[in-house]
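no sequence on this one, just coordinates:
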């Protein structure tokens, strides 16, 4: 088994013999066998143990056992005790999730502090099968079907080549000692139920379940790679970013095969759930009743269905304050954009018709100026007009989408709007032949982080 272990590490390019690896050791047979394989292969490793204090004296016994194991292998040992129940209650997560978060937070600290390259966990073939069934039972996309990968970031699984029977046989042949976790028999835990009730039935149907699983996972992983490549190509042609906003071309999307799945792949990074992707896909398929203006919110972003595009933007906190601009200021950093300001000689000034630039008559301005969000009742005199217009009507004329409309800001002088930022200046503050100095304000929209 040592040879198989070394071959698997080499074939999957997990690490080299000199690479410092931190082993996550619970004291159970899986992690004990992993430790023994590392020792017999003369790998560079240390041992870390988490005491989650969920099984009273049994948990403390595990901690003592792992400390003795590290001493036996003459390697560095780390141990930490956690109040897992308190953490779960505080952050309103399950005990399993609390233990996972606490474990990996600590492991990451150890990696950073002591310069270990990876943390190794003792997942094996049976864990892959259990994870696959678990993901299917609670709902998953294609990424949830490829099981557990040998490497994910700085986490590696160096004994994925073995199944539970092989691991237990190796432990017995080498007279290894380990600790039995009584919670593994508790069917209240969903994974235990899968292990003890679901998989035995599946093995009755197919005695070679683990072997056929490998081939299935290989095909699923291949299909996932093909799918990702197709989505990447589609993203390159139908998705564009403008500042912090993202635009998806509806015409390129609506006839896409598997639109529900493809759309979710494109927007899931912004926090949208699959059921939302289905609703959005249904809305854009029906061109004759396209629901322009309909919005969908994730925890961080808002998606607006516009006439030709889906527009995704950050959801901003309400009550962003106004910014005051003194006459001497040359720049201002707002939430979505930066402003650069300069005063120029009107005689030498060349006017450029750019929406992101305001050229104003300096003498007509009353300082300090104010940059604020637009509000109901605002009006101004759009450039080229001698009558006022409600800002709400102006934005309707421009067909500004709802989620972007809420972020429109105005530059004011006293009670007058002098510039609807990024759109139009006020006619009364334009430069004329009588202008002596031009107050130039240029907007630069911030890019996606």
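Structure's in. What do you need? The shown structure was predicted, so the numbers you read here are calculated from the model rather than taken from an experiment.

what's the local residue count around residue 329?
14 (other CB atoms under 10 Å). All C-beta atoms are positioned from the backbone trio N, CA, C, and that covers glycine.

quick check on the residue lying closest to residue 390 once chain neighbours are set aside: phi, psi?
Counting by CB to CB, 6 or more residues apart in numbering, residue 379 is the residue found nearest to residue 390 once chain neighbours are left out, at 5.1 Å. Residue 379 adopts backbone torsions of phi -140, psi 160, taken as degrees, to the nearest 10.

and residue 379, how many neighbours?
A count of nearby residues for residue 379, using other CB under 10 Å, gives 16.

next one: residue 394
Counted with other CB under 10 Å, residue 394 comes out at 20.

residue contacts, it?
For residue 394, the contact set (CB atoms under 8 Å, 6 or more residues apart in numbering) comprises 380, 382, 420, 423, 424.

and what of residue 417?
Residue 417 makes contact with 378, 379, 380, 391, 410, 411, 426, according to CB under 8 Å, 6+ apart.

bridging residues for the last one?
Which is residue 426. In this entry, residue 426 is beta-bridged to residue 382, by DSSP bridges.

ok, it - contacts?
Residue 426 is in contact with 380, 381, 382, 383, 416, 417, 418, 419, counting by CB under 8 Å, 6+ apart.

try 6 Å
380, 381, 417, 418 (CB atoms under 6 Å, 6 or more residues apart in numbering).

now, which of those lie within strands?
380, 417, 418 (DSSP state E).

check the second one and give its pLDDT.
I take that to be residue 417. Residue 417 is assigned 97 on the pLDDT scale.

what's the closest non-adjacent residue to it?
Of all residues not flanking residue 417 in the chain, residue 380 sits nearest, at 3.9 Å (CB to CB, 6+ apart).

and the gap between the one you found and residue 424?
Distance of residue 380 to residue 424, computed by CB to CB, to the nearest Å: 8 Å.

now swap in residue 100 and tell me
53 Å.

now swap in residue 71 and tell me
From residue 71 to residue 424 the distance is 75 Å (CB to CB).

more neighbours: those two, which one.
More crowded of residue 71 and residue 424, by other CB under 10 Å: residue 424, with 20 against 11.

the more buried one reaches residue 383, doesn't it?
Yes: using CB atoms under 6 Å, residue 424 is in contact with residue 383, at 5.5 Å.

turn the contacts of residue 417 into JSON lines, including pLDDT and distance to residue 152.
Below are those laid out as JSON lines (pLDDT from 0 to 100; distance: CB to CB, whole Å):
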{"residue": "378", "pLDDT": "95", "distance to residue 152": "51"}
{"residue": "379", "pLDDT": "97", "distance to residue 152": "56"}
{"residue": "380", "pLDDT": "97", "distance to residue 152": "54"}
{"residue": "391", "pLDDT": "96", "distance to residue 152": "50"}
{"residue": "410", "pLDDT": "96", "distance to residue 152": "48"}
{"residue": "411", "pLDDT": "96", "distance to residue 152": "48"}
{"residue": "426", "pLDDT": "97", "distance to residue 152": "55"}
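
rewinding a little: so the residue nearest to residue 390 touches residue 387, yeah?
No: with contact defined as CB under 6 Å, residue 379 and residue 387 do not form a contacting pair (9.9 Å).

helix, strand, or coil at the most centrally placed residue in the chain?
Nearest to the mean C-alpha position of the chain, by CA atoms, centre = their mean, lies residue 269 at 5.3 Å. State at residue 269, reduced to three classes by DSSP: H, G, I helix; E, B strand; the rest coil: helix.

how does this structure divide up, domain by domain?
What automatic domain parsing lists as the domains of the chain is 2-205, 234-314, 323-445.

what is the mean pLDDT for the second one?
Along domain 234-314, the predicted local confidence has a mean pLDDT of 88.

same thing with the first one?
Per-residue pLDDT values across domain 2-205 average out to 91.

please renumber the chain so that the first residue is 47 from this point on.
Yep, numbering from 47; the last one is domain 48-251 now.

how far does it sit from its chain's centre?
Distance of domain 48-251 from the chain centroid (CA atoms, centre = their mean, to the nearest Å) equals 25 Å.

neighbours of residue 411, how many?
For residue 411, the count of nearby residues is 20 (other CB under 10 Å).

my read is that it contacts residue 458, right?
No: using CB under 6 Å, residue 411 is not in contact with residue 458; the gap is 9.9 Å.

what about residue 434, how many residues nearby?
Count around residue 434 with other CB under 10 Å applied: 14.

what is the helix or strand harbouring residue 259 packed up against?
Assessed by DSSP states H and E, residue 259 sits inside helix 255-284. Helix 255-284 is packed against no helix or strand, with contacts defined by 3 or more CB pairs under 6 Å, 6 or more residues apart in numbering; DSSP states H and E.

could you redo the last one with a cut-off of 8 Å?
Packing partners of helix 255-284 (3 or more CB pairs under 8 Å, 6 or more residues apart in numbering; DSSP states H and E): helix 171-184, helix 245-251, strand 291-295, helix 296-300, helix 305-313.

after that helix, next one along is what?
According to DSSP H and E, the helix or strand after helix 255-284 is strand 285-288.

what about the closest residue in space to residue 96 that isn't next to it in sequence, which SS state?
Leaving aside its sequence neighbours, residue 96 sits nearest to residue 149 (CB to CB, 6+ apart; 5.1 Å). Under three-state DSSP, the three-state class of residue 149 is helix.

residue 149 and residue 327: what is the separation?
Distance, residue 149 to residue 327, using CB to CB: 38 Å.

residue 381 sits in which helix or strand?
Short version, using DSSP H and E: residue 381 is in no helix or strand.

residue 389: which element?
strand 383-391.

what's the spacing between that strand and its chain's center?
With CA atoms, centre = their mean as the basis, strand 383-391 stands 36 Å off its chain's centre.

what is the orientation angle of the next helix or strand after it with strand 383-391?
The C-terminal neighbour of strand 383-391 among helices and strands, as given by DSSP H and E, is strand 403-407. Put simply, strand 403-407 runs at 40 degrees to strand 383-391, going by axes from the mean of the first three to the mean of the last three CA atoms, to 10 degrees.
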